[in-house]
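S.K.: Predicted model and sequence follow; I will ask about them next.
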Amino acid sequence: MAQLDLSIKRHGAFFNRCLQVLPSAYTPTDGSRLALLFFCVSALDILGLLPFDSDDTPRRVPAIVTHEQTERWRAWIIDTCLLPTKNAFRCSPSLTLPTTASYTPTTVHDAVLDYDPGHAAGTYFALATLLILGDDLSAIDRPAMMRWLSECQRDDGSFATGVMGYRSDMPGEEVPDYVKHFGERDLRFGYCVAASRWMIGGDLLQCSEDVNITSAIEYIRSCVTFDGGIGIGKLTESHGGLTYCGVGTLNLLLGDDGSSNGAALYEVLGEDAAQKMLRWTLEHQVLYVDDSDSENEDDDDDESEDGTLKKCFAGFNGRTNKACDTCYSFWLGGTLAMIPPSSPTSPSSLTSSATRSLALSDISRNSAFLLGKTQNMTIGGFAKAPGAMPDVLHSYLGLCSLSMGAAVAREQGLLVGDAEDDDIGILKAIAPLQALDPVLCISSRARRHGEILRAKWSTP
């Protein structure tokens with residue numbers, strides 16, 4: 001296998017460029033600018049290119065972002081995306097309604113709707129980016145935001161995209177659910193609410209307006225499928241991204257510190273179901289077969305002397321019988337990083353491992369797939385699949401997967417040896433990446449900043 005490398009400077013230039021101008025193909029995403037900002041800023045953080053010190057991994061290249069730039073990003077989030085009520089964020093300033101006109105028409109029931117609502121995903125992206133930038137979150141109304149997050153929960157325990165403001169002059173009229181809640185009904189927004197709750201210290205407020213954790217857990221349990229994964233809802237197909245969201249939500253709602261200790265999963269599902277989910281997740285690392293490569297190699301080169309298949313590229317797919325996809329290297333890898341190999345109460349528990357079950361997957365072959373097949377060595381970034389153009393979402397999640405792989409390599413001492421060895425060379429290439437927190441999908445440095453804020457808020 002040819003020597004593979006990770007160009008931190010080239011990827012840094014890619015994300016820095018995307019923060020200034022985007023190709024026309026991104027026009028439909030104008031309503032999700034917070035998501036685009038998060039992917040780019042957090043990627044620069046994982047690359048070690050933000051002007052913040054970290055104790056995790058020594059910086060190999062100078063920061064390319066100044067403190068003045070980070071302050072402008074921070075101000076942009078608060079000034080353009082935080083609602084006037086300071087209890088939620090909209091996804092983009094393009095969704096802001098003009099103040100010179102009335103956009104609150106009455107319905108047939110004489111109710112008044114608010115057409116500038118907060119968004120669960122936008123709130124997560126905003127809070128996560130602010131933590132990365134070192135903000136103290138003093139601009140938000142934490143109790144009001146916790147109240148809004150709890151209102152996003154539906155009666156069945158699931159969470160909506162957001163809450164439509166509703167006012168009626170009719171005494172005693174109950175708010176219909178189809179009016180109050182809008183958007184899809186799936187685990188993505190449950191994860192966004194749970195992560196936002198942790199980041200604002202909602203569990204520390206000790207207020208009556210909190211999410212119904214018991215109901216949320218039961219909804220997640222109902223989404224677990226027969227093969228061990230988690231689907232978008234009841235009786236649906238297992239999906240890698242939604243499995244990550246379900247497991248992450250359990251860690252955030254039940255963990256003492258919102259960490260990936262894994263106890264929550266075994267507690268809620270039981271050991272048999274948790275082990276089944278672990279097996280399902282591992283089975284979704286699949287070989288990537290490149291037809292052009294196979295045509296240039298002899299058939300005898302496909303097997304080693306003992307008759308076993310030689311190691312090759314092996315990424316992850318999100319559903320059964322699908323091809324490898326860059327983003328699932330994180331969704332499934334992040335899930336493995338939150339599931340211990342055995343129950344935390346087991347005498348032989350291996351939960352002391354910071355990367356949990358991720359080491360059970362083939363880190364080198366996944367890294368080889370990302371570096372050798374979806375990484376763009378011309379303009380930087382990672383594509384969804386080999387041969388495609390890079391985009392900010394897959395580029396960010398590709399880096400997250402590589403960062404977790406580097407954590408496994410450091411933890412297991414796999415970086416020692418001759419770089420000419422394919423496996424060691426690949427792992428040494430990704431070693432400079434900053435550590436990632438798999439639960440919040442931000443750097444460990446940013447998570448520690450969140451822990452500092454939580455400690456401050458918990459002090460009487």
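M.R.: Everything's here; your move.
S.K.: Can you give me the buried ones in the helix of greatest length in the chain?
M.R.: As assigned by DSSP state H, the longest helix anywhere in the chain is helix 392-411. Neighbour-count burial for helix 392-411, counted by 16 or more other C-beta atoms under 10 Å, picks out 392-410. All C-beta spots, glycine's among them, are computed from the backbone N, C-alpha and C.
S.K.: what does the average pLDDT come to for the following helix or strand past it?
M.R.: As assigned by DSSP states H and E, the chain's next helix or strand after helix 392-411 is helix 422-430. Helix 422-430 shows a mean pLDDT of 86.
S.K.: Could I get the CA-only coordinates of helix 422-430 as CSV?
M.R.: Output in CSV follows, covering the C-alpha atoms of helix 422-430 (Å, rounded to 0.1, in the frame of the first residue of the first chain):
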residue,chain,number,x,y,z
ASP,A,422,1.8,0.5,6.6
ASP,A,423,-0.2,0.3,9.8
ILE,A,424,2.2,2.3,11.9
GLY,A,425,2.7,4.9,9.1
ILE,A,426,-1.1,5.5,8.8
LEU,A,427,-1.5,5.9,12.6
LYS,A,428,1.5,8.2,12.8
ALA,A,429,-0.1,10.3,10.0
ILE,A,430,-3.2,11.0,12.1
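S.K.: immediately after that helix, which helix or strand?
M.R.: Downstream of helix 422-430, the first helix or strand assigned by DSSP H and E is strand 436-437.
S.K.: Name the strands paired with that next one and say parallel or antiparallel.
M.R.: Applying DSSP bridges, strand 436-437 is found paired with strand 442-443 (antiparallel).
S.K.: And the next helix or strand past the partner strand?
M.R.: As assigned by DSSP H and E, the chain's next helix or strand after strand 442-443 is helix 444-458.
S.K.: for that following helix, which positions count as buried?
M.R.: So helix 444-458, judged by 16+ other C-beta under 10 Å, has buried residues 444-447, 449-450, 453-454.
S.K.: Quick check: closest non-adjacent residue to residue 377.
M.R.: residue 7 (6.5 Å; C-beta to C-beta, 6 or more residues apart in numbering).
S.K.: I'd like to know how far the one you found sits from residue 19.
M.R.: Distance, residue 7 to residue 19, by C-beta to C-beta, to the nearest Å: 18 Å.
S.K.: So between the two, which is more surrounded?
M.R.: The neighbour count for residue 7 versus residue 19, taken as other C-beta atoms under 10 Å, is higher for residue 19 (18 against 15).
S.K.: In space, what's closest to the more buried one - neighbours in sequence excluded?
M.R.: The spatial neighbour of residue 19 that comes closest, neighbours along the chain excluded (C-beta to C-beta, 6+ apart), is residue 40 at 4.9 Å.
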